[in-house]
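> Turn this into a structure:
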Amino acid sequence: MTLKFLEKHFTVFSFMTILSALILLLSNSLVPNQTSSITLEEQEGFPKLVLVSTSADSQQDSNNSTSVNATQLPEKAKGPAIPSKGYLVEEIRGGLYWVTDGVYNTMFLVNDDGVIAVDAPPSLGENYIKAIREVTDKPIRYVVYSHSHIDHIGAAGNIFPNNITIVAQEETAKLLKIANDSNRPIPTITFKDNYNLILGNQTLELDYKGVNHEPGNIYIYAPSQKTLMLVDVVFPGWVPFKDLAITTNVPGFVQAHDIVSSYDFDTLVGGHLTRLGTIEDVNIQKEFITDLVNASKAANSKINFMDYVSKYGLTNPWLTFSEYSDAVTDECTNTMLAKWKDRLGGAEQFTESHCWTMTESQRVD
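Model prediction:
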């Protein structure tokens, strides 16, 4: 793939997509005794992630030494193997299906009157339509946007028909009007707090309960299937993506864990990574977040800013604050990793960023 093509499409093939793909390479969710690499291919105008699997026994570097195997992950972080076609589609129950490429997850709801799709991740692209067509030939009548981010809805303008009805929370619509991105068409139906999307005998309850990941990010609940979809908040088996999943509102992100727990669900569809979740996964991440809040408070109390003013002065205040905040972050990180590094995937990679985000939020929020 040419540099020119990548530059043209980088807004669609987001930085988060690339990093999430690298996480997949660390996963043991692929066939045992295989290692993988990622290549990029163009598909329907989007850069497409393609996993290339090779035998771990035969892969060698230029010095003729065996390559290092993928990082060992906690069992809770491992999910189903992704077929060679590049995606997995499975029924959850009652006409509700989930689709995953091992990095991005979404779901769609089917009945005799048609299909309600949720989101349109560019990493899936046309594979999303293929997954739906494996299940039904009924028309796709609605698409629900979970929120505005490119990595979750950036294929909507390419894979869905122009006359499809798009439903989203009004804050998402505002953000998309500002973005003015043809790959993310403006919603045709918006709501403030709640909206029941009904198609035939199937229902999705859409709820907005304040900012968590970003303004407009909604809870998508299928009551008949007892399934909840919430994107970029809970990551079953893993710690959140970097900086608490780049949340725009740390207190709202923390509060979202209590809100999730208030729903009556058996299955959770998160936006990322390798498997479906349960209430147990929510409770485990809630425990992680509670520990993070407490570790951040303890670190902020223990490390005295004036000690760093005495040491570095204020000639260069950014140097002084950098040294101070690094010390606070390190204190929090060491406390967290002592408990969590072997419990959740990605803890060693992202806990430091979570500690920085939480300790800074406590200083300013």
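> how about the residue located most distally from the centre of the chain, phi and psi?
Within the chain, the residue lying farthest from the chain centre (CA atoms, centre = their mean) is Ser310, at 42.1 Å. Main-chain dihedrals, Ser310, degrees, to the nearest 10: phi -60, psi -40.
> Same question for Asp326.
Dihedral pair for Asp326: phi -60, psi -40, per degrees, to the nearest 10.
> Might one say that Ile259 is in contact with Tyr219?
Yes. Between Ile259 and Tyr219 a contact is recorded at 7.1 Å, counting by CB atoms under 8 Å. In short, each C-beta sits where N, CA and C put it, glycine included.
> Quickly list what's touching both of those two.
Taking CB atoms under 8 Å, 6 or more residues apart in numbering as the contact rule, Ile259 and Tyr219 both touch Lys209.
> Looking at these two, which is more packed in?
Tyr219 (22 against 16; other CB atoms under 10 Å).
> just the strands in the stretch 51-200 of the chain please.
If DSSP state E, counting those that start in this stretch is used as the criterion, the strands of the stretch 51-200 of the chain fall at 88-93, 96-100, 105-111, 114-118, 140-144, 165-169, 189-191, 194-199.
> Could you point out which of those strands sits nearest Leu206?
Across these, Leu206 has its closest neighbour in strand 194-199 (4.5 Å, CB to CB).
> Mind listing residues that contact the helix or strand that comes right after the closest one?
Per DSSP states H and E, the first helix or strand lying C-terminal to strand 194-199 is strand 202-207. Strand 202-207 has contacts (CB under 8 Å, 6+ apart) with 95, 109-111, 116, 118, 144, 167, 169, 191, 193-197, 218-224.
> Give me the angle between strand 202-207 and strand 165-169.
30 degrees (axes from the mean of the first three to the mean of the last three CA atoms, to 10 degrees).
> quick one: strands adjacent to strand 202-207?
Strand pairing for strand 202-207, determined by DSSP bridges: strand 194-199 (antiparallel), strand 219-222 (antiparallel).
> Show me the chain divided up by domain.
Domain assignment of the chain by automatic domain parsing yields the ranges 3-56, 88-244+252-277, 289-364.
> from these, which stretch is densest packed?
domain 88-244+252-277 (a mean of 20; mean count of other CB atoms under 10 Å).
> distance between the ends of that one?
16 Å (CA to CA, to the nearest Å).
> pLDDT (mean, whole number) over it?
Domain 88-244+252-277 shows an average pLDDT of 97 in the prediction.
> ok now that domain, how far from the chain's centre?
12 Å (CA atoms, centre = their mean, to the nearest Å).
> picking up where we left off before, the strands of the stretch 51-200 of the chain: which one's closest to Tyr208?
Nearest of these (CB to CB): strand 165-169, 4.6 Å.
> Pull the contacting residues for Asn127.
So Asn127 contacts Lys85, Gly86, Tyr87, Val99, Asp101 (CB under 8 Å, 6+ apart).
> do that again at 10 Å, thanks
Applying CB atoms under 10 Å, 6 or more residues apart in numbering to Asn127 gives the contacts Gln43, Lys48, Lys85, Gly86, Tyr87, Val89, Val99, Asp101, Pro121, Ala155, Ile159.
> Who are the contact partners of the fifth one?
Under the criterion of CB under 10 Å, 6+ apart, the contact list for Tyr87 reads 99-102, 104, 123-125, 127-128, 130-131, 134.
> Against Gly270, how distant is it?
16 Å (CB to CB, to the nearest Å).
> Over to the last one?
Ile159 sits 21 Å away from Gly270 when distances are taken as CB to CB.
> follow-up on the earlier one: what's near enough to touch the residue farthest from the centre of the chain?
Neighbouring residues of Ser310 by CB under 10 Å, 6+ apart: Asn304, Thr320.
> Check His213 too.
Neighbouring residues of His213 by CB under 10 Å, 6+ apart: 146-147, 149, 230-233, 240-241, 244-249, 252-253, 256, 271.
> and what of Trp98?
88-92, 105-108, 118, 131, 227, 229, 267, 269, 275-276.
> Skipping adjacent residues, who's closest to it in space?
Using CB to CB, 6 or more residues apart in numbering and skipping residues adjacent in sequence, the residue nearest Trp98 is Met107, 4.6 Å away.
> The one you found is in contact with Leu230, isn't it?
No. Applying CB atoms under 10 Å as the test, Met107 and Leu230 come out as separate, 11.5 Å apart.
> For Ala21, report the pLDDT, please.
48.
> Show the contacting residues for the closest residue to Ile164 other than its chain neighbours.
Nearest non-adjacent residue to Ile164, counting by CB to CB, 6+ apart: Val143, 5.7 Å away. For Val143, the contact set (CB under 10 Å, 6+ apart) comprises 108, 115-120, 153, 156, 159-161, 164-168, 185, 187-188.
> Tell me the bridge partners for Val143.
Here Val143 sits in beta bridges with Ala117, Ile166, going by DSSP bridges.
> Break down the stretch 201-350 of the chain into its strands, ranges please.
So, for the stretch 201-350 of the chain - with DSSP E, counting those that start in this stretch - the strands run 202-207, 219-222, 227-229, 267-269.
> Would you reformat the strands paired with strand 202-207 as CSV and include distance to Val293?
Output for the strands paired with strand 202-207, formatted as CSV (distance: least, CB to CB, whole Å):
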stretch, distance to Val293
strand 194-199, 29
strand 219-222, 22
